[in-house]
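[1] Any chance you can model this:
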Amino acid sequence: MNVLFTTQPAYGHLHPMVPLGRALAGFGHDVRVMSSRSFQPQLSASGLVGIVGGMDWLESDIAGGFPEYAEHRARGESKRYLQSEIFGWRTARAMASDIESAARGWRVDVIVREPWEFGGAVAAAKLGVPCVLHGVGSAANVEEVFDLAGDRLRELGNEVGFEGLNWLSGATYIDPCPPSLQQASPSFNPEHHQPIRPEPFDTTDGATVQPAWLDGLGDRPVVYVGLGTVMNRWGGLLERIVEDLRQVEADIVVTAGPGRDPSDLGTQPDNVHVEEYVPLTLLFPKCDVVVCHAGWGTTITALSHGLPLLAVPLGADGPRTAARVHQLGIGTVLTPDEVRPGAIAAHVTNLITDPSYRRAAETARNQIDQMPTPDVAARFVEAAAS
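    Next up, the predicted model:
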């Protein structure tokens with residue numbers, strides 16, 4: 001069976017699908033992933049076969065691919081513009097065209113796409129092959145697509161001969177969200193629903209040199225700080241968080257993220273370690289608290305290790321995820337405006353010393369452990385294709 005995954009060019013879109021892709025490849029299927037030319041190194045690092053398709057851009061540099069984005073962001077319209085114009089129209093049309101071209105030389109049996117990549121849905125409908133939607137985070141993310149990009153997506157559907165929005169979601173949904181973090185999505189009701197354990201993925205298979213200080217952690221609490229791979233440049237926020245945490249009696253591990261030089265954060269004391277990237281699957285077993293932007297990848301990796309969080313949501317699905325973290329007692333939340341001197345340190349100290357947060361996080365970890373493995377979800381995709 002030939003399986004084509006499609007993704008927008010961002011780690012947060014790709015990584016949740018990698019375990020399913022590897023499971024399908026392990027069953028002997030020909031699995032390929034299509035994304036932008038500039039994103040091919042990231043596809044190669046996943047261990048899956050990459051195919052160039054769609055517009056050439058990176059979500060970590062939206063303004064580089066779409067210069068007009070800066071103007072929309074200045075007007076407070078960045079999220080709607082990203083969802084409707086970039087995801088729901090321009091990238092979708094280019095991706096659909098390239099999928100159809102690729103299918104002339106490589107038969108496509110099933111397409112697996114993520115919630116913000118719509119070219120795969122268009123191409124699947126035109127080619128007459130099944131389309132499986134692999135969730136990222138809560139199903140509420142799919143609901144948001146209808147709210148923010150519905151008009152543009154209807155226009156896209158009409159352009160290729162599909163009415164309404166039913167062509168978007170297909171009949172099958174792979175759901176990586178633990179039940180306790182799930183949020184209702186009344187407009188999204190797929191006929192077939194398959195949970196999948198959200199197994200954290202990063203490049204730990206020889207692609208990254210580990211820092212020498214990593215093995216020395218553990219004599220005192222370890223706090224991780226990161227703002228993901230897209231929002232890591234957010235208005236000096238990372239610098240303010242790190243500066244405040246210097247007063248905490250702990251080892252502080254900071255990842256600056258792609259496109260940022262760790263030296264930008266200045267000279268640090270001995271207990272603060274700043275790198276561009278550290279594989280979280282190696283670091284989190286040593287950690288006690290995670291400070292992040294409530295992005296799905298970092299949040300679910302933290303919960304998979306039973307770690308409490310301080311969430312500083314910056315956009316996308318961050319505010320919804322942060323709200324659930326707070327409601328479940330897994331962590332606390334600060335808005336970016338609330339990150340004032342002393343605030344981060346006080347919250348982190350509370351998360352370290354109050355055992356109730358760790359207990360709640362371990363409850364979430366146990367729930368994740370009980371979810372079906374990627375192998376089970378791979379059999380579900382096989383059934384969908386047949």
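[2] what helix or strand does V122 sit in?
    Following DSSP states H and E, one finds V122 within helix 119-127.
[3] for the next helix or strand after that helix, the distance to its chain's centre please.
    Remark: after helix 119-127, the chain's next helix or strand is strand 131-134, criterion DSSP H and E. Here strand 131-134 is found 16 Å from its chain centre; the criterion is C-alpha atoms, centre = their mean, to the nearest Å.
[4] could you give the angle of whatever helix or strand comes next after strand 131-134 to helix 119-127?
    Of the helices and strands lying after strand 131-134 in sequence (DSSP H and E), the nearest is helix 140-159. Interaxial angle, helix 140-159 versus helix 119-127 (axes from the mean of the first three to the mean of the last three C-alpha atoms, to 10 degrees): 40 degrees.
[5] Give me the buried stretch members for helix 140-159, please.
    Buried residues in helix 140-159, defined by neighbour count with 16 or more other C-beta atoms under 10 Å: 140-146, 148-150, 152-154, 156-157. To be clear about C-beta, it is placed using only N, CA and C from the backbone, and glycine gets the same treatment.
[6] Can I get that helix as CSV, trimmed to CA atoms?
    The C-alpha trace of helix 140-159 is given here as CSV (Å, rounded to 0.1, in the frame of the first residue of the first chain):
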residue,chain,number,x,y,z
ALA,A,140,-11.4,21.7,18.9
ASN,A,141,-8.5,22.6,16.5
VAL,A,142,-10.6,21.1,13.6
GLU,A,143,-13.6,23.1,14.8
GLU,A,144,-11.6,26.3,14.7
VAL,A,145,-10.8,25.6,11.1
PHE,A,146,-14.5,25.8,10.3
ASP,A,147,-14.8,29.1,12.2
LEU,A,148,-11.8,30.9,10.8
ALA,A,149,-11.3,29.5,7.3
GLY,A,150,-14.7,28.2,6.4
ASP,A,151,-15.5,30.8,3.7
ARG,A,152,-12.1,30.3,2.0
LEU,A,153,-12.4,26.6,2.2
ARG,A,154,-15.9,26.6,0.7
GLU,A,155,-14.4,28.7,-2.1
LEU,A,156,-11.6,26.2,-2.6
GLY,A,157,-14.1,23.4,-2.6
ASN,A,158,-16.3,25.1,-5.2
GLU,A,159,-13.3,25.7,-7.4
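[7] what sits against the residue nearest to P269 when sequence neighbours are not counted?
    Leaving aside its sequence neighbours, P269 sits nearest to R246 (C-beta to C-beta, 6 or more residues apart in numbering; 6.0 Å). Under the criterion of C-beta atoms under 8 Å, 6 or more residues apart in numbering, the neighbours of R246 are I252, Q268, P269, N271, V272.
[8] Narrow the residues you listed to just the buried residues.
    Buried among the contacts of R246 by 16+ other C-beta under 10 Å: I252, N271, V272.
[9] Would you reformat those as JSON lines and include secondary structure, distance to P355 and pLDDT?
    JSON lines is the format used below for the buried ones among the contacts of R246 (DSSP: H, G, I helix; E, B strand; the rest coil; distance: C-beta to C-beta, whole Å; pLDDT from 0 to 100):
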{"residue": "I252", "secondary structure": "strand", "distance to P355": "21", "pLDDT": "95"}
{"residue": "N271", "secondary structure": "coil", "distance to P355": "23", "pLDDT": "90"}
{"residue": "V272", "secondary structure": "strand", "distance to P355": "25", "pLDDT": "92"}
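[10] Let me know whether H193 touches C177 as I believe.
    No - using C-beta atoms under 8 Å, H193 makes no contact with C177, being 11.2 Å away.
[11] between those two, which one's more packed in?
    C177 (24 against 14; other C-beta atoms under 10 Å).
[12] Setting aside sequence neighbours, what's the nearest residue to that one?
    S138 is the one closest to C177 (C-beta to C-beta, 6+ apart), at 5.0 Å.
[13] For that neighbour, the count of nearby residues, please.
    23.
[14] Next: N166.
    11.
[15] How about A96?
    Count around A96 with other C-beta under 10 Å applied: 26.
[16] Just the strands from this protein, written as ranges.
    2-6, 30-35, 49-52, 110-113, 131-134, 172-175, 192-195, 222-226, 251-255, 272-275, 289-292, 309-311, 331-333 (DSSP state E).
[17] and the fourth one, which strands flank it?
    So that's strand 110-113. Strand pairing for strand 110-113, using DSSP bridges, gives strand 2-6 (parallel), strand 131-134 (parallel).
[18] Distance-wise, check V52 relative to T7.
    According to C-beta to C-beta, to the nearest Å, V52 stands 13 Å off from T7.
[19] I should have written I300 there, sorry.
    17 Å.
[20] what does E239 give?
    31 Å.
[21] who's more crowded, those two?
    T7 (31 against 13).
[22] give me every residue that touches the more buried one.
    So T7 contacts H13, L14, M17, V33, M34, S35, R113, E114, E117 (C-beta under 8 Å, 6+ apart).
[23] ok so, going back, what lies in contact with the helix holding V122?
    Outside helix 119-127, the residues touching it (C-beta under 8 Å, 6+ apart) are 4, 6, 34, 53-54, 91-100, 103, 108, 111-113, 130-131, 133, 156-157, 160, 162, 167-170.
[24] can you give me the helices for the stretch 201-350 of the chain?
    For the stretch 201-350 of the chain, applying DSSP state H, counting those that start in this stretch gives helices covering 237-245, 280-283, 296-304, 318-327, 343-353.
[25] What sits closest to Y81 if chain neighbours are left out?
    Using C-beta to C-beta, 6+ apart, the closest residue to Y81 is H72 (4.1 Å).
[26] Next: V136.
    P16 (4.9 Å).
[27] Would you mind stating the distance between the one you found and G228?
    In terms of C-beta to C-beta, P16 sits 13 Å off from G228.
[28] Spit out the residues that contact those two alike.
    G297.
[29] ok so, going back, quick check: the gap between the residue nearest to V136 and I344.
    28 Å.
[30] next one: L214
    From L214 to I344 the distance is 23 Å (C-beta to C-beta).
[31] between those two, who's got more neighbours?
    Per other C-beta under 10 Å, whichever of L214 and I344 has more neighbours is I344, with 25 against 15.
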